[in-house]
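A.B. asks: structure for the following, please:
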Amino acid sequence: MATLYSHNEFAPPRPPGFLRAVALAIIAHGVLVAVLTIGVQWKRTLPPVTAQAELWASIPQTAAPAEPVEELTQPEPVKPVETPAPPVKQVADADIALAKEKARKEKEQERQQKLALEKQEQDKRAKELEAKEKLQKEKADKAAKDKKLEEQRAKDVKDAALAKDKEAKAKAEAKARDLEHQKTVQRMLQLANAASTSSDPNGSGSAAKSAGPSASYAGRIKAILRRNTTFTESLVGNPSTEAEVRTLSDGTIMSVKIIKSSGVKSWDDAVINAINKTETLPRDVDGRVPPVLIIIHTPKD
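C.D. replies: Numbers count the residues shown, from 1 in each chain. Next up is the predicted model:
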């Protein structure tokens with residue numbers, strides 16, 4: 001049964017070749033009707049064919065019956081040309097194609113949305129990871145800074161303690177040097193007194209005492225030795241070397257002898273070289289030079 005579609009807003013959309021198909025169908029039906037009409041007219045105009053025969057024989061024979069005349073059949077009435085129905089298959093194919101295209105677009109849209117959501121999730125995770133790494137770095141930097149400050153404070157405390165110990169040690173060494181210097185001066189006075197007594201048997205004790213070196217003489221001797229000392233090695237602490245020096249009356253040094261070593265041979269040798277380099281000791285304020293002197297020399301004098 002053909003389905004008719006009216007031209008209204010509810011009619012389904014016709015495919016692009018619909019009108020062409022209808023025109024071809026009408027032409028085909030017209031050609032068919034024309035052919036049928038020509039065939040019927042040809043049969044009507046053709047005269048019927050009849051034949052007669054006459055036989056001569058001794059025995060009479062009856063004539064053969066005439067061939068039956070073919071009855072003319074009336075042509076079937078031409079049916080009116082019906083408008084062919086629209087190609088349902090093409091409409092169905094178009095609908096299927098539209099449905100597939102719609103499904104494809106929906107699937108593509110869903111895929112795009114899924115990709116967008118995945119990208120948002122990845123960006124979120126990346127930001128969270130970046131924030132976490134930044135926080136960890138800040139904590140590590142703060143810990144390193146705190147550790148450095150703590151180490152610096154500990155170093156400052158240690159340096160302060162070392163400086164305090166060094167200062168205390170320096171004071172103790174200075175005190176010891178002063179004490180040793182006093183002892184050296186005392187020994188020098190005793191030796192000078194002994195030499196004066198031996199050279200002047202009639203001399204009195206007060207005369208011998210007045211013949212000893214003055215209080216500033218030892219400082220002058222130390223200043224001369226400091227200028228003449230050459231020593232480039234580094235030493236721990238402030239070792240002291242005690243040397244006995246014997247001189248002539250004009251101050252010429254006759255002999256040098258180590259009577260108390262510092263424990264560092266190179267420093268002892270430097271002290272002896274400094275004394276020998278001096279060659280002549282200066283005269284005291286009274287114009288005399290002690291015949292025997294005990295000199296104590298240290299690197300930090």
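A.B. asks: now the helices for the stretch 101-250 of the chain?
C.D. replies: With DSSP state H, counting those that start in this stretch as the definition, the stretch 101-250 of the chain shows helices at residue ranges 205-210, 217-228.
A.B. asks: mind telling me which of the ones you listed the model trusts least?
C.D. replies: The weakest mean pLDDT among those belongs to helix 205-210, with a mean of 40.
A.B. asks: show me where pLDDT drops low in the stretch 101-250 of the chain?
C.D. replies: Under the criterion pLDDT under 70, the flagged ranges of the stretch 101-250 of the chain are 177-178, 181-182, 184-212.
A.B. asks: and with 90 instead?
C.D. replies: Segments of the stretch 101-250 of the chain classed as low confidence (criterion: pLDDT under 90) are 150, 153, 155, 158, 162-226, 228-241, 243, 247, 249-250.
A.B. asks: which stretches in it count as strands?
C.D. replies: Assigned strands in the stretch 101-250 of the chain, in chain order: 241-247 (criterion: DSSP state E, counting those that start in this stretch).
A.B. asks: now do the phi/psi pair for Arg288.
C.D. replies: As for Arg288, its main-chain torsions (degrees, to the nearest 10) stand at phi -110, psi 160.
A.B. asks: and it, how far from Thr229?
C.D. replies: 26 Å (Cβ to Cβ, to the nearest Å). (Each C-beta comes from the backbone N, C-alpha and C, glycine too.)
A.B. asks: what of Lys127?
C.D. replies: Computed with Cβ to Cβ, the distance linking Lys127 and Thr229 is 73 Å.
A.B. asks: then Gln152?
C.D. replies: 39 Å.
A.B. asks: quick one, which of the two is more surrounded?
C.D. replies: Neighbours per residue, other Cβ atoms under 10 Å: of Gln152 and Thr229, the larger number sits with Thr229, 17 against 10.
A.B. asks: what's the domain layout of the chain?
C.D. replies: Residue ranges of the domains in the chain are recorded as 98-194, 229-297, according to the TED database.
A.B. asks: need the winner for burial among those domains.
C.D. replies: Ranked by average neighbour count under the criterion mean count of other Cβ atoms under 10 Å, the domains of the chain are headed by domain 229-297 at a mean of 16.
A.B. asks: compute the first-to-last residue distance for that one.
C.D. replies: Terminal residues of domain 229-297 lie 10 Å apart, using Cα to Cα, to the nearest Å.
A.B. asks: one more: stretch 229-248?
C.D. replies: Across its full length, stretch 229-248 reaches 23 Å end to end, with Cα to Cα as the criterion.
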